[in-house]
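Engineer: Can you look at this prediction? I've put the sequence above it.
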Amino acid sequence: MTEYLLLVVYAVLVNNILLAQFLGNCPFLGTSQKMSTATGMAMAVIFVLTFAGVITWAVQWYVLVPLELEYLQTIAFILVIAALVQLVEIVLQKTAPALYSALGIFLPLITTNCAVLGVAIINIKEDYDFANTVVFSFASAVGFGLALVLFAGLRERFALSRMPRALQGTVSGLITAGLMALAFQGFMKLGG
Amino acid sequence: MEVLAAALVIGGIGTIAAIGLGVAAKVFAVYIDPKVIEVGEVLPGANCGGCGYTGCAAAATAVVKGKVGANVCVVGGQECAEAVAGIMGLSAEEGEVGIAELGCKYSVTTAHLLFDYDGIEDCRAAALVNGGGKVCSMGCLGFGTCISACQFGALYRGADGLPAVDKERCTACGACERICPKGIIRVQTPSRKFTHVQTDDDCVAPCQATCPAQIDIPAYIAAIGRGDYEKAVCIIKESNPFPLVCGRVCPHVCESVCRRNDIDEPVNINHLKRFAADFEMNSGKRFLPQVLPPNGKRVAIIGAGPGGLTCAYYLARMGYQIKVFESMPKPGGMLLYGIPEYRLPKKTLDWEIGGILELGVELECDKKLGVDFTIEDLYEQGYDAIFLAVGAWDSRRLGVPGEQDFPQVASGTEFLIKRGLGEETPVGRDVIIVGGGNTAMDAARTSWRLGAENVYLLYRRSRKEMPANDIEVDEGEHEGIKYHFLAAPTKLIGTGGKLDAMEFLKMELGEPDASGRRRPVPIEGSESNIQADNVFSAIGQSPDLTCLDAEGVASKLGRTKWNSIEAADGTMQTDVSNIFSGGDAWRGAATAVEAIRDGRFAARSINLLLTGEELTLPSNWYARAPKLPGIDEGIKIDKSERARMIELSVDDRRMNFNEVELGITEEMAKKESERCLQCGEVCYQGYREKAS
């Protein structure tokens, strides 16, 4: 149990997918203007990333490795993720229309979120077993959501403050992201 | 070999995924209107959200549901609108045209302020500090955050310091509405306006807050001041399709709360309304509003009185197919059969009703619910909702001995209805009216016009308590009506079926009763007689609900303890979800303007119900107007004289039913409009300059 807990802390805080690994920066900057959008995106990512982690793990160990085709990993994973997102979209539209409309345009956008592919590949690189894969994928997604929501909160405040014209918009966003990454460095010690 | 294996694996995964998706698409298929897809294809697909919907697919869905017009896309331009219109079978112009509108008239330099705000120059920041610097909770904070939010350059700062709208550029995208922290700038369409229910968040002048119909009074007075009478009529008709009628018969409670009362006399609001409405009628050209394309839904309205026709008018404007059923030979209800010609000429009423019918409202007269058809028949004919506005046509009896014995004794409404039907209603030399309301006054003044020499009006309380409009009581006095206050009938005396006299008791006022008025108490032994050839009682009316005595749906409708139809105030919904009621049928005898309110509110509810939305009211709406502050102490505003209605002289009124009030002239109207202080909820003109 402690092992999983450590893995969660590691994925959410210490090795945050956004602020320590710098994956998924595009939606990080693109969907953080408003808190409601940011929470929507965070929910969608948690949903998809957990599933994608599990399935790509299975593809790796049951298809690619036995056939000795590991070099096809990237293209196979992208294919799987794209199909998975479509599948999730179809299923959600039928079974949970409320959630579907709440996630809206973010669901298909996740296909191109490199954090998903990144986590899938890390799962393999780190030689995680199935349970670890599930926990790590979920926790990474939560870390992504956490960073995104915090960032959106900051940016909402920016909208209200006087800022030199040259720093407005993406500029201040990138600087803030850098500062947040520095702050998250502080969690390094947590990992021992 | 290796290449083959790789191709097979990737191909295999691809195939499995494709099959999986194919199966999922089949199993989890959701029906999507093919039109949504078609419309989605002609939209630019930029997913910019400029239209206010989350992406082009959402906008396409909204178009197909009929929530927005073909011109939904703010970036696609005319070409895109025409393509969408082509698919939907609409014309590109048929959707409602929205425009941003600021709901505040006073800038930070002219409004009542709570504190001087000098923080970050952004409305959203200012709103965080106790809601901003203004005394009221809904005033424009004036930093122009909406101006910077507008992507189309349609907003600019006006000379008064408030954001102003460039009508040519505004695309009704709603970006300003979404960014305004106080909801002061809104994209308004006619239907959004006339389905609006006033709430505590609206900045309204005391007159508008008090008007049952919630007419934007300062706005139409300002339009009259500019000489834009067409605009004035349009503003009135956003809340009340009967300006000609109300300009003549409304008890104008708005004037009693006018802030001018604190200075001199109230603005002559009602006669300004009449002036604008008369202008439309005299111009001979109707200012017809936009009618949305038919939405295929049908609503039946029972009763062509002010309530029923108002409901018909607004539903017709929203594209509903309306049929009004009327039991009498002509439409108008109590406006036609209750209000005499000298107050409201039939020709004028006909013209006003004509304007409503011209919107495509169908009318069928001489059709009485419960006799000629039932509610079940309406359902069978495919009506989706019903508005019951059958009025209050039953009159209360005097309940004194002899009432049934003489044909010369009747109720005031029976007498007036007979006249409305064009029947002969001769009266004798001495006529007695019992009652103190407008029906009593109508019966009295009608009798005088028919040649009665002595018209007596008996009322059991004093003049102060009379529910009739003051102007009616005053005019009645000029015409020589003899008032007997504090008197109640006890007996009708006559011989051989011929009425001779009425005996009555004197009263005195005792303790206040439940209505707050002092209860009249009879004085023992004070009986005396008045000679009488006719006696008309007008002591109260109630709905005649025998039309609902049938089995089935009608029996499910609840009744109030005053024997009117039970309905929820505001939504006007009865115990049956798609049947609504209002006006006298719900209130018991009340005024035309209240029936008009109910009709409009019912139209709002019916539209919500039939478009599948939740039938609720805003949590802070009010049924009774809040008390708003008057003129601040120490502020002097120049006095000016109120415009006086031009009237027919008393001598010219005898033996005819010519309209007594002749209207005010254009010059008078212009001058009177300048007296209006253009109030907001707390602000009014002249507050700042007089105070400083």
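Structural biologist: Now that the structure is in, tell me what you want to look at.

Engineer: quick one, what contacts B:Ile221?
Structural biologist: Neighbouring residues of B:Ile221 by C-beta atoms under 8 Å, 6 or more residues apart in numbering or on different chains: B:232, B:267, B:269, B:272, B:673, B:676, B:678. Where you see a C-beta, it was placed from the backbone N, CA and C, and this is true even at glycine.

Engineer: which one of the residues you listed is nearest B:Gly303?
Structural biologist: B:Ile269 (28.0 Å; C-beta to C-beta).

Engineer: quick one, what contacts the closest one?
Structural biologist: B:Ile269 neighbours (C-beta under 8 Å, 6+ apart): B:207, B:217, B:221, B:252, B:254-255, B:258.

Engineer: and those residues, which are buried?
Structural biologist: In the contacts of B:Ile269, burial by neighbour count holds for B:207, B:217, B:221, B:252, B:254-255, B:258, counting by 16 or more other C-beta atoms under 10 Å in any protein chain shown.

Engineer: Do a quick rundown of the strands in the stretch 501-650 of chain B.
Structural biologist: Listed in chain order, the strands found in the stretch 501-650 of chain B under DSSP state E, counting those that start in this stretch are B:518-522, B:528-531, B:534-537, B:541-542, B:579-581, B:646-647.

Engineer: Pull out the buried residues from the longest helix belonging to chain B.
Structural biologist: The longest helix of chain B (DSSP state H) is helix B:2-27. Using 16+ other C-beta under 10 Å as the test for burial, helix B:2-27 gives B:6, B:9, B:13, B:17, B:21, B:24.

Engineer: quick check, nearest of those to chain A?
Structural biologist: Nearest to chain A among the buried residues of helix B:2-27: B:Ala17, at 3.4 Å, using C-beta to the nearest C-beta.

Engineer: Identify the residues contacting the closest one.
Structural biologist: B:Ala17 makes contact with A:79-80, A:82-83 under the criterion C-beta under 8 Å, 6+ apart.

Engineer: how near is it to A:Gln60?
Structural biologist: 16 Å (C-beta to C-beta, to the nearest Å).

Engineer: Any regions of the chain where pLDDT drops low?
Structural biologist: Let's take chain A. A:102-104, A:190-192 (pLDDT under 70).

Engineer: Not quite, go with chain B.
Structural biologist: B:49, B:52, B:54, B:89-95, B:688-692.

Engineer: sorry, back to before: neighbour count for the contacts of B:Ala17 - can I get that in a markdown table?
Structural biologist: Formatted as a markdown table, the contacts of B:Ala17 follow (neighbours: other C-beta atoms under 10 Å in any protein chain shown):
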| residue | neighbour count |
| --- | --- |
| A:Leu79 | 18 |
| A:Val80 | 24 |
| A:Ala82 | 18 |
| A:Ala83 | 20 |
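
Engineer: which one of these sits closest to chain B?
Structural biologist: Relative to chain B, the closest of the contacts of B:Ala17 is A:Ala83; by C-beta to the nearest C-beta it sits at 3.4 Å.

Engineer: wouldn't that closest one be in contact with B:Leu21 here?
Structural biologist: Yes. Using C-beta atoms under 8 Å, A:Ala83 is in contact with B:Leu21, at 6.2 Å.

Engineer: ok, the residue lying closest to A:Ile124 once chain neighbours are set aside to B:Val576 distance?
Structural biologist: The spatially closest residue to A:Ile124, leaving aside those adjacent along the chain, is A:Gln60, at 5.1 Å (C-beta to C-beta, 6 or more residues apart in numbering or on different chains). Distance, A:Gln60 to B:Val576, using C-beta to C-beta: 63 Å.

Engineer: Mind checking if the helix ranked longest in chain A is in reach of chain B?
Structural biologist: Ranked by residue count and defined by DSSP H, the top helix of chain A is helix A:130-160. Yes. Contact of helix A:130-160 with chain B (C-beta under 8 Å from any C-beta of the partner chain) involves A:159-160.
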